[in-house]
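# compute the structure for the input listed below.
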Amino acid sequence: MWNRVNILGFFAFFSCSVGPQYVAPETPVTTGWKNELPHLADEQCPKNWWQIFHDEQLSVFIEQAICSNPSLQAMAERVQQGRSFAKVAYSRLFPQLNIDPSISNTELRTHSFGSTSQIQPTLIKNHIDEYNLPLTLVYELDFWGKWKNQYKSAQFKWESDQYRYQTAVLLLTTDLANAYFQLRIQDAKIEIYKDVLMVQKKILGIQDSRYETQLINFSNVAQSSSDYSMIESLYFDCFRKRSLFENQIAVLIGVSPSEFKLASTPLTLNPPMIPVDLPANVLLRRPDLAEQERMMASLHAEINVAYASFFPSADIVGGINFLSNNFIQTLKNQWFIGGNLLEVLIDAGERSANIDLKTAVYKEALFTYQQKVLGAFQEVEDSISSIKWVMNELTSVDRAISAKEIAYKIAMDRYQYGLDNFLNVAVDEKEKLDQKLSWLHLLSQQYIYTLHLIKAMGGGW
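The predicted structure follows:
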């Protein structure tokens, strides 16, 4: 016979999903970059991008941050929330079986009479326990894909949360690397400022001696003293910046800044070159773009849920009520099965407005995605351009430092042969150190733009 199971299977087989089909958006993809950097054919992206710097201390900090950073842990819990929400939506695709057991005790009083009239009537109390075990089955037939699309929406939203977590990891690791390298550059600046102060102190002493012998007026001494104080203030400012970077590292790795101390490790090496002569569609693997695309898919599924509201909803309700004192009667008369059909005839345009609303939200996400793609291309181009021109500036400063080294050596030779005074030697030495400070500033910019490029490429290439 055509039983109830076959009927349910028939309904499930012919269920459908109404509304437009989702198609991933097309994005503009170029084949190369406007700016170029030196080609590195053998430089492959490691499993973790920070390994390209070959810095063991940085790797330790990043691994600690991934395990202990509270913000990242909170983001991980958000992913778990999305997973649980998807499971809730998935459960609605199946029938719901409810049980509502109960037990009752009924007291019965009866009178028993003796065989003679002399015997007084006797009152007898009886107690009857009754067990009730009702089972109810409720199942809404998903003819139009309402529950299916709600589940798809929750599933896509969960995938979006996973990509958001990956984006958070990328931002955390690049921020940590930037703070770490900037701290080390401040250490290098502090060492140079120490030498600059020593040279400026020599110049101040020479000017003071020349003033005492009335070779110059006091304005030269005052100017040298002012220069010394200004350099000293910059020297102290390096300690201030270093302290801020140190505190930032502590917070990012999940440690109290009051308990974190990092030894001085001056940085003077150039950052590694990131190969960017790859197809520009590598940007489409960026986690933030993937997150936005999955969010679009989730919102599109909500449109189909809104379309399903135009069609009638049908559900099947069945059940059986087991009675402890009348099991045979239960099998005969205490079961039921039925169905409900509901269709909204007049809603004053509510469902149409809801479709328009869901569609507008989806289109907003679509345009946001397209804008993010364009922004990703800009971030890469900006980073490549900045690295390229900073490299040119560093080359120029290197040449200036080399030339100043020659000038300093000549001034020292002239001083040793008595052809010049030591003041010119000290001035040349100070100018050489100032150029080294300029070189460190450009080195700091190169590290910043390199990390920007890694972040713009999604942490891989």
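# where's Asn247, which helix or strand?
When secondary structure is defined using DSSP states H and E, the element that contains Asn247 is helix 218-252.
# what about that helix, average pLDDT?
Mean per-residue pLDDT for helix 218-252: 92.
# so which bits of the helix or strand following that helix are buried?
Toward the C-terminal end, the helix or strand that comes next after helix 218-252 (DSSP H and E) is helix 287-308. Going by neighbour count (16 or more other Cβ atoms under 10 Å), the buried part of helix 287-308 is 287-308. C-beta here means a position set from N, CA and C on the backbone, and glycine is covered the same way.
# okay, now the unreliable bits of the stretch 151-300 of the chain?
Counting by pLDDT under 70, the low-confidence segments of the stretch 151-300 of the chain come to 277-281.
# hmm, try it at 90
Along the stretch 151-300 of the chain, segments meeting pLDDT under 90 span 199-221, 223-228, 268, 272-286.
# distance from the helix or strand Ser352 falls within to the middle of the chain?
Element membership of Ser352, judged by DSSP H and E, is helix 350-416. In terms of Cα atoms, centre = their mean, to the nearest Å, the centre of helix 350-416 is found 21 Å from the chain centre.
# elements contacting the helix or strand following it?
Using DSSP H and E, the helix or strand that follows helix 350-416 in sequence is helix 422-456. For helix 422-456, the elements it packs on are helix 146-212, helix 350-416, judged by 3 or more Cβ pairs under 8 Å, 6 or more residues apart in numbering; DSSP states H and E.
# could you check the angle the last one makes with helix 287-308?
An angle of 170 degrees separates the directions of helix 350-416 and helix 287-308 when computed by axes from the mean of the first three to the mean of the last three Cα atoms, to 10 degrees.
# just want the most central residue of the chain.
Centroid check for the chain by Cα atoms, centre = their mean gives Ala168 as the closest residue, at 1.9 Å.
# is it in contact with Gln73, as I believe?
No. Counting by Cβ atoms under 8 Å, Ala168 does not reach Gln73; the two are 10.3 Å apart.
# which one of the helices and strands packed on helix 422-456 has the most crowded surroundings?
Mean neighbour count (mean count of other Cβ atoms under 10 Å) peaks for helix 146-212 among these, with a mean of 20.
# what's the angle from it to helix 422-456?
Helix 146-212 and helix 422-456 meet at an angle of 180 degrees, taking the same axes, to 10 degrees as the criterion.
# now do the buried residues in stretch 436-450.
Under the neighbour-count criterion of 16+ other Cβ under 10 Å, stretch 436-450 has 436-440, 442-450 buried.
# how about residues contacting that stretch?
Applying Cβ atoms under 8 Å, 6 or more residues apart in numbering, the contact partners of stretch 436-450 are 178, 181-182, 185, 188-189, 192-193, 196, 267-268, 270-272, 274, 383, 386-387, 390-391, 393-394, 397-398, 401.
# next one: stretch 358-374
Outside stretch 358-374, the residues touching it (Cβ under 8 Å, 6+ apart) are 25, 27-28, 283-284, 288-289, 292-293, 295-296, 299-300, 302-303, 305-306.
# got the domain boundaries for the protein?
Following the assignment in automatic domain parsing, the chain carries domains at 15-93+144-178+261-309+348-456, 97-141+315-343.
# give the buried residues for the helix holding Asn247.
Buried residues in helix 218-252 (16+ other Cβ under 10 Å): 220-221, 224-225, 227-228, 231, 235, 238, 242, 245-246, 248-252.
# that one packs against which elements?
Helices and strands touching helix 218-252, as assessed by 3+ Cβ pairs under 8 Å, 6+ apart, comprise helix 56-68, helix 146-212.
# ok, now with 7 Å
On a contact count with 3 or more Cβ pairs under 7 Å, 6 or more residues apart in numbering; DSSP states H and E, helix 218-252 meets helix 146-212.
# and the angle for the helix it packs on with helix 218-252?
Between helix 146-212 and helix 218-252, the angle comes out at 160 degrees (the same axes, to 10 degrees).
# so how far is helix 146-212 from its chain's centroid?
Distance, centroid of helix 146-212 to centroid of chain: 18 Å (Cα atoms, centre = their mean).
# show me what it is packed up against.
The elements that helix 146-212 packs onto, with contact taken as 3+ Cβ pairs under 7 Å, 6+ apart, are helix 56-68, helix 70-91, helix 218-252, helix 287-308, helix 422-456.
# what residues sit buried inside the shortest one?
Read that as helix 56-68. Going by 16+ other Cβ under 10 Å, helix 56-68 has these buried residues: Leu58, Phe61, Ile62, Ala65, Ile66.
# adding distance to Lys409 and pLDDT, write the residues you listed out as CSV.
Supplementary listing: those in CSV, determined by distance: Cβ to Cβ, whole Å; pLDDT from 0 to 100:
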residue, distance to Lys409, pLDDT
Leu58, 37, 95
Phe61, 41, 96
Ile62, 43, 96
Ala65, 47, 95
Ile66, 50, 94
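# how far away is the residue lying closest to Val196 once chain neighbours are set aside from Arg286?
In space, Val196 comes closest to Leu433 once its chain neighbours are excluded; the distance is 4.7 Å by Cβ to Cβ, 6 or more residues apart in numbering. Taking Cβ to Cβ, to the nearest Å as the criterion, Leu433 is separated from Arg286 by 42 Å.
# again with Gln57
In this structure, Gln57 and Arg286 are 28 Å apart, going by Cβ to Cβ.
# pretty sure Ser17 is touching Gln150, no?
No. Ser17 lies out of contact with Gln150 (Cβ atoms under 7 Å); the separation is 11.1 Å.
# overlap in contacts of those two?
With Cβ atoms under 7 Å, 6 or more residues apart in numbering applied, the contact sets of Ser17 and Gln150 do not overlap.
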